[in-house]
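In: Using only what follows, build the 3D model:
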Amino acid sequence: MGNIVGIDLGTTFSGLAVLNELGKPETIPDADAERITPSAVYFDEDDPGRCLIGREAIRARRTNYGRCVRWIKRHMQEPDYRVNIDGCEWSASELSSFIIKKLKKDCSNQIGNITDAIITVPAHFDEVGRKATMDAGETAGLDVIGIINEPTAAAVYYALTHDATGRILVFDLGGGTFDITIMDIAGSKTNIICSAGDHRLGGYDFDQKLLARIESAYEQQCGGKLYSTDERKAGFEDTAESLKKTLSKRPNVKTRLVGQDGEMAYEVTREEFEEAISPFLAKIDMLVETALEEAGHGPSGINEIILVGGSTRIPVVRQRLEKMFGYPPTTAVNVDECVALGAALYAGLRLSEEQPEKVAGGVAAALAEAQVTDVCNHSYGTTCLNIDEETGRPSDDNAILITKNSQIPCEVTKEFYTVFDGQEVVEADVTQGESTDPDYVKILARKELRLPPNRPALRPIKVTYSYDKDQRMHCVFEDEESGRRVEMDIDAQAGGVSKEQVAERKAALEDFIVE
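Out: Residues are numbered from 1 along each chain as shown. Coordinates of the predicted model:
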């Protein structure tokens, strides 16, 4: 039997955990003996078939900034995103596959071959981002069992390793994304209630605000620019990140800035940093309130707050939570590793349910009582034409089939009707959003369903949406009388790639060296 792993594919750092023979998750260090690896890719200028991953990539960008790609996860929901290096264009999924390949390589060197994996995603990722994440794992040579939302993975780890019970709020603030998930935990059973979040809010944004203050202070005192090249900027990006981390431990920090117009002493206080990031903190507060509203209660309905993600180390983040809820959040789990650890547990659970022959007896016994139920994080519907009974005027509406926070997997079927005599086409639209007004929702996919000619109005059209455990959806629009139908996998319709294309990528990149 191969090793079962969970991978936290993060914006700033990634990590891998494996289930041991007793069903306990363990973090596997990388080749540098670090338990988390920077999510950075640097393409070697001397060898087009080689790239550096992690800390070496971060260091190398100071010599050639344009050959390093970071913050890749922020682009996983953009099917047209490309980075051009030496005339080769790389998608976010392909770039992420190099990071996963590096984690896989380092882990395999220590414990042997890795086969099955669960990979984590932000709770608010759409279908395109989820499919791109799974494609990245397959391209890296893994059998991707599925994906799991990052807060859910953290909750699974917490539920199975601590004596937890009640309504729990997982507050996940990482380097690039923010999620809040509210769930009920009873022993080894985890039931997700709702989620809210922003996939472009995290420690990276805090660093950029601090860097802007550093640049302004230098310009005021020295009368010039702090840097003139991207390579020099890279060093000051690292300085800003280092100052941010120090301010989590001390009320102020000093450093010396050496720019292109001289050098100066620079000091920043924790209060100044908090002021710089205050717009982000206000947005975080608003998103927490949104999650509480969707759960149907206020702060008093939460029994415990679990912190996840490196940015939760910032004191003001914890202070604002304590002020809102009236008690301090819990730090009983490792905020950097618990997502990967929970993903490994979930990988064992999924395999136990779906492919039990792959699971060792000790793992199966350890997870025998575990249960996880999740919810969808958006509403999904279709546009339709309604005729007002009083005026006879037509109006466009968005009819919701799957409502936000519905338990998954689920399947919903609804019947619609043609509107006009002789109607030959139905616009099969799949929408995402909470409004019944089509102007305020996003169209994820669209096809035409061709109908037989010369039929009267009010012929039935059956629409079925199926939403699976990995929060990916399959849609069917069927003309019941003729049997004509169109089917859509939403990720593919919105720019995803086929299984054949993934296999081609995997073969093409098989000999690509990651170090």
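In: can you pull out the strands in the stretch 1-150 of the chain?
Out: Taking DSSP state E, counting those that start in this stretch as the test, the strands found in the stretch 1-150 of the chain are 3-8, 13-19, 25-27, 37-38, 41-43, 50-53, 68-69, 83-85, 88-90, 114-121, 143-149.
In: Dump those strands to JSON lines, plus mean pLDDT.
Out: What follows is those, written out as JSON lines (pLDDT from 0 to 100):
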{"stretch": "strand 3-8", "mean pLDDT": "95"}
{"stretch": "strand 13-19", "mean pLDDT": "96"}
{"stretch": "strand 25-27", "mean pLDDT": "96"}
{"stretch": "strand 37-38", "mean pLDDT": "97"}
{"stretch": "strand 41-43", "mean pLDDT": "98"}
{"stretch": "strand 50-53", "mean pLDDT": "96"}
{"stretch": "strand 68-69", "mean pLDDT": "97"}
{"stretch": "strand 83-85", "mean pLDDT": "96"}
{"stretch": "strand 88-90", "mean pLDDT": "95"}
{"stretch": "strand 114-121", "mean pLDDT": "93"}
{"stretch": "strand 143-149", "mean pLDDT": "94"}
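In: Using CSV, lay out those strands together with mean neighbour count and distance to G296.
Out: To be clear about C-beta, it is placed using only N, CA and C from the backbone, and glycine gets the same treatment. Listed next are the strands of the stretch 1-150 of the chain as CSV, based on neighbours: other CB atoms under 10 Å; distance: least, CB to CB, whole Å:
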stretch, mean neighbour count, distance to G296
strand 3-8, 28, 30
strand 13-19, 27, 34
strand 25-27, 20, 33
strand 37-38, 22, 40
strand 41-43, 25, 43
strand 50-53, 23, 44
strand 68-69, 22, 42
strand 83-85, 15, 43
strand 88-90, 14, 44
strand 114-121, 26, 26
strand 143-149, 24, 20
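In: Make CSV from those and add distance to P356 to it.
Out: What follows is these, written out as CSV (distance: least, CB to CB, whole Å):
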stretch, distance to P356
strand 3-8, 12
strand 13-19, 14
strand 25-27, 19
strand 37-38, 32
strand 41-43, 37
strand 50-53, 34
strand 68-69, 40
strand 83-85, 41
strand 88-90, 38
strand 114-121, 12
strand 143-149, 13
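In: how does the chain divide into domains?
Out: Domain assignment for the chain by automatic domain parsing gives 3-162+334-374+499-514, 203-276, 380-483.
In: Now do the contacts for G223.
Out: Neighbouring residues of G223 by CB atoms under 8 Å, 6 or more residues apart in numbering: D261.
In: Hmm, I typed the wrong one, I wanted M473.
Out: M473 sits next to 127, 380, 402, 430, 465-467, 489-490 when contact means CB under 8 Å, 6+ apart.
In: same deal with Y465?
Out: 380, 401-402, 411-413, 430, 473-475.
In: gap between it and D238?
Out: Noted for Y465: a distance of 46 Å to D238, by CB to CB, to the nearest Å.
In: now swap in K245 and tell me
Out: For K245, the distance to D238 - CB to CB - is 11 Å.
In: got it, and E504?
Out: Distance from E504 to D238, by CB to CB: 37 Å.
In: R232 too?
Out: Taking CB to CB, one finds R232 at 11 Å from D238.
In: Likewise for I193?
Out: For I193 relative to D238 (CB to CB), the value is 39 Å.
In: can you map out the helices along the stretch 51-200 of the chain?
Out: 55-60, 92-111, 127-139, 150-161 (DSSP state H, counting those that start in this stretch).
In: Including mean pLDDT, distance to D205 and mean neighbour count, could the ones you listed go into TSV?
Out: Shown next, in TSV, are the helices of the stretch 51-200 of the chain (pLDDT from 0 to 100; distance: least, CB to CB, whole Å; neighbours: other CB atoms under 10 Å):
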stretch	mean pLDDT	distance to D205	mean neighbour count
helix 55-60	96	18	18
helix 92-111	96	19	23
helix 127-139	92	19	26
helix 150-161	91	18	27
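In: Could you save those as CSV and add columns showing distance to V497?
Out: Output for these, formatted as CSV (distance: least, CB to CB, whole Å):
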stretch, distance to V497
helix 55-60, 25
helix 92-111, 8
helix 127-139, 6
helix 150-161, 23
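In: how about those, which one is nearest N252?
Out: helix 55-60 (26.2 Å; CB to CB).
In: Check which helices and strands that closest one sits against.
Out: strand 37-38, strand 41-43, strand 68-69 (3 or more CB pairs under 8 Å, 6 or more residues apart in numbering; DSSP states H and E).
In: from the chain's centre, how far out does that helix sit?
Out: Relative to the centre of its chain, helix 55-60 is centred 24 Å away, using CA atoms, centre = their mean, to the nearest Å.
In: just to revisit the earlier point, nearest to K254, of the helices of the stretch 51-200 of the chain?
Out: helix 55-60 (23.8 Å).
In: can you list contacts of the closest one?
Out: Here helix 55-60 has contacts from 32, 34, 37-38, 40-42, 51-52, 67-68, 70, 238, 515, using CB under 8 Å, 6+ apart.
In: Looking at those, point me to the pair that's furthest apart.
Out: Within the contacts of helix 55-60, two members stand farthest from each other by CB to CB: E34 and R67, at 22.2 Å.
In: More neighbours: which of those two?
Out: Set E34 next to R67 and count neighbours by other CB atoms under 10 Å: R67 wins out with 19 against 14.
In: The more buried one is in contact with E45, isn't it?
Out: Yes - if you go by CB atoms under 8 Å, R67 and E45 touch, sitting 6.2 Å apart.
In: wait, doesn't E241 sit right on D207?
Out: Yes - applying CB under 8 Å, one finds E241 in contact with D207, separated by 5.0 Å.
In: Compare these two and say which one has the larger neighbour count.
Out: D207 (22 against 18).
In: For that one, list the residues it contacts.
Out: For D207, the contacting residues are 237, 240-241, 244, by CB under 8 Å, 6+ apart.
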